[in-house]
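In: structure for the following, please:
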Amino acid sequence: MATPGRVHPLENPPSFTFPKAEQKSDSASDDQDQDTSPFLSGQLSASPVPNETYIIQIPKEQILRQPPPEHAHRAKVYARRPLRRRAVRRCCCSLIASLICLLIAVGAAAGIFYLIIRPKAPSYSLSSVNMIGLDPVLTSASTPLSPNVEATIEANNKNKHLSILYQSGGTVDLYFEDTKLCSGDWPKFRQGPKNNTELQMQMTGSGILMTANTRDSLVNDQKNQSVPLVMHAKVPVKIKYGPVTTWKITAKVKCNIVVDGIAGEMTVLKDCSAKSNYLW
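Out: Model (predicted):
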């Protein structure tokens, strides 16, 4: 008995015989035989009779069989992947749409609030300045300076419905050109709507050195009784409207003034033209 899956040659291969063409008496049949005989002879000569014949036996269970269970599991996994991707895409699209709607709502509320309240930035002015400690610069540029400045600043809140809450940590610096002369602290207080408040500033400096060019400019301005000074302030503030209070905002104030000297009580020749940056 032959083993499944193997090839065995036959002991006695079958012989092949070809029938001979019948002889026909009429001339038409002779012509037909003459026409076809070369074709047949060429065909038979091109395919010789095989010497051996092989029989291949394949078990039936190898031809028709059920796929293994892991194939079905893989098919289920591959079918689930598109569903998961769709769910993730839907979730991302929903989240993006929600964020866009939230931003639109916040922007619309801020626009309506701005149109109703009409917020205005407060204004600042420097009413008086008293300075000591800059006299040595008139004789020598190499002498360290320790200036002391007392200034009165007026803060005016022009808003009808907004209060300004000045927080602790604010600073004030006084400059001549690029040289910082002294610095101080901005006081913490609350300024109500339509309120004008005077602030007393104490600014001090120590070990201040000037270059030769800066010293020459200061001496010339002192002779002309027109000394330009710049005050920089950084103040953390909060804006309050009714029960609503904003987060902390760092307001920056720049004030340009001109005084008639650098010693004693100085007269402000040019009032403070302050520039402040708030939310509006």
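
In: ok, which stretches of the stretch 151-280 of the chain are strands?
Out: 163-166, 170-176, 179-186, 189-191, 195-204, 227-241, 244-245, 249-259, 264-266, 268-277 (DSSP state E, counting those that start in this stretch).

In: to Ile117, which of those strands lies closest?
Out: Ile117 lies closest to strand 227-241 among the strands of the stretch 151-280 of the chain, at 6.8 Å (Cβ to Cβ). For every residue, glycine as well, the C-beta is placed using N, CA and C.

In: got the buried residues for that closest one?
Out: If you call a residue buried by 16 or more other Cβ atoms under 10 Å, then strand 227-241 has these buried ones: Val227, Leu229, Val230, Met231, Ala233, Val235, Pro236, Val237, Ile239, Lys240.

In: and of the residues you listed, the nearest to Ile96?
Out: Nearest member of those to Ile96, counting by Cβ to Cβ, is Ile239, at 31.3 Å.

In: measure the closest one to Thr143 for me?
Out: Noted for Ile239: a distance of 46 Å to Thr143, by Cβ to Cβ, to the nearest Å.

In: got it, and Gly192?
Out: 46 Å.

In: related to what we said a few turns ago, Thr211: which of the strands of the stretch 151-280 of the chain is closest?
Out: Using Cβ to Cβ, the strands of the stretch 151-280 of the chain put strand 179-186 closest to Thr211, at 7.9 Å.

In: who touches the closest one?
Out: 134, 145, 147-149, 166, 170-175, 199, 201-205, 208, 210-211, 214, 229, 233, 235 (Cβ atoms under 8 Å, 6 or more residues apart in numbering).

In: and it, which residues are buried?
Out: For strand 179-186, by 16+ other Cβ under 10 Å, it's Thr179, Leu181, Cys182, Gly184, Trp186.

In: spatially nearest residue to the last one, not counting backbone neighbours?
Out: In space, Trp186 comes closest to Gly170 once its chain neighbours are excluded; the distance is 2.9 Å by Cβ to Cβ, 6 or more residues apart in numbering.

In: can you count the residues close to the one you found?
Out: By other Cβ atoms under 10 Å, the residues close to Gly170 number 19.

In: now for it: which residues touch it?
Out: Per Cβ under 8 Å, 6+ apart, neighbours of Gly170: Asp185, Trp186, Pro187, Lys188, Ala233, Lys234, Val235, Pro236.

In: quick one on the thing from earlier: distance to Asn157 and mean pLDDT added to the strands of the stretch 151-280 of the chain, as TSV?
Out: Below are the strands of the stretch 151-280 of the chain laid out as TSV (distance: least, Cβ to Cβ, whole Å; pLDDT from 0 to 100):
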stretch	distance to Asn157	mean pLDDT
strand 163-166	6	94
strand 170-176	16	93
strand 179-186	15	92
strand 189-191	5	93
strand 195-204	5	92
strand 227-241	10	91
strand 244-245	15	88
strand 249-259	12	87
strand 264-266	27	75
strand 268-277	12	65
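
In: now stretch 194-208 - C-alpha only, PDB.
Out: The C-alpha coordinates for stretch 194-208 follow below in PDB (Å, rounded to 0.1, in the frame of the first residue of the first chain):
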ATOM      1  CA  LYS A 194     -13.500 107.900  39.900                       C
ATOM      2  CA  ASN A 195     -10.800 108.300  42.500                       C
ATOM      3  CA  ASN A 196      -7.600 110.400  42.600                       C
ATOM      4  CA  THR A 197      -4.900 109.300  45.100                       C
ATOM      5  CA  GLU A 198      -1.500 110.800  46.000                       C
ATOM      6  CA  LEU A 199       1.300 108.400  46.600                       C
ATOM      7  CA  GLN A 200       4.500 109.300  48.500                       C
ATOM      8  CA  MET A 201       7.400 107.500  47.000                       C
ATOM      9  CA  GLN A 202      10.800 107.100  48.700                       C
ATOM     10  CA  MET A 203      13.600 106.000  46.400                       C
ATOM     11  CA  THR A 204      17.300 105.500  47.300                       C
ATOM     12  CA  GLY A 205      20.500 104.500  45.500                       C
ATOM     13  CA  SER A 206      24.000 103.500  46.600                       C
ATOM     14  CA  GLY A 207      27.300 103.300  44.800                       C
ATOM     15  CA  ILE A 208      26.100 104.800  41.600                       C
END
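
In: picking up where we left off before, just the buried residues of strand 179-186 now: which is nearest Val106?
Out: Checking the buried residues of strand 179-186 against Val106 by Cβ to Cβ gives Trp186 as the nearest, at 30.9 Å.

In: no further queries at this time; thank you.
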